[in-house]
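Engineer: Can you look at this prediction? I've put the sequence above it.
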Amino acid sequence: MDDPSEPMQEPANLRFLRRLVTVLTAVMIGGLLVIIGLLVIRFSGENNPALPLPDHIALPDGTRATAFTTGGDWYAVVTADDRILIFDRASGSQRQEIRIVTGD
């Protein structure tokens, strides 16, 4: 008869599965640390140049800005009276005005 105090030898496939789970856990932890490191490097202040914004925007009289967006060599202001004003980034002069027409 088998002695109950003697430890039973585990099957080979169970040993392989245990090692596989341990290796996969280590790889996942390493991958998570790499992702966190890349995010820290990407969003650090020194490597991330600030978005070049204009110092001031001269809007027409009586115009109230509700939104702002920027492109390569232009920026745009959406106004409360349903217009989009597009300005040249270099000179600050207005390039185009687009009236927003609603279906009301």
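Structural biologist: Okay, I see it. Remember, predicted model here, so these are calculated numbers, not experimental data. Numbering: from 1, shown residues only.
Engineer: just the helices in this structure please.
Structural biologist: 12-42 (DSSP state H).
Engineer: Please parse it into its domains.
Structural biologist: Taking automatic domain parsing as the reference, the chain has its domains at 8-49, 51-104.
Engineer: In TSV, list the ones you listed along with mean neighbour count and mean pLDDT.
Structural biologist: In this view, the C-beta of every residue, glycine as well, is placed from N, C-alpha and C. Listed next are those as TSV, based on neighbours: other CB atoms under 10 Å; pLDDT from 0 to 100:
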stretch	mean neighbour count	mean pLDDT
domain 8-49	9	88
domain 51-104	11	88
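Engineer: Could I get the full set of strands for the protein?
Structural biologist: Using DSSP state E, the strands of the chain run over residues 65-70, 74-79, 83-88, 94-99.
Engineer: of all the ones you listed, which lies closest to Pro54?
Structural biologist: Among the strands of the chain, strand 74-79 comes nearest to Pro54, with 6.5 Å by CB to CB.
Engineer: Quick one: residues in contact with that closest one.
Structural biologist: 53-54, 57, 59, 63-70, 84-89, 95 (CB atoms under 8 Å, 6 or more residues apart in numbering).
Engineer: Now do the contacts for Gln94.
Structural biologist: With CB under 8 Å, 6+ apart, Gln94 has these contacts: 85-88.
Engineer: Please tell me how far it sits from Ile84.
Structural biologist: 11 Å (CB to CB, to the nearest Å).
Engineer: Also Thr70?
Structural biologist: Applying CB to CB, the value for Thr70 to Ile84 is 13 Å.
Engineer: now swap in Ile100 and tell me
Structural biologist: Counting by CB to CB, the separation of Ile100 from Ile84 is 7 Å.
Engineer: do the same with Arg19
Structural biologist: Distance of Arg19 to Ile84, given as CB to CB: 62 Å.
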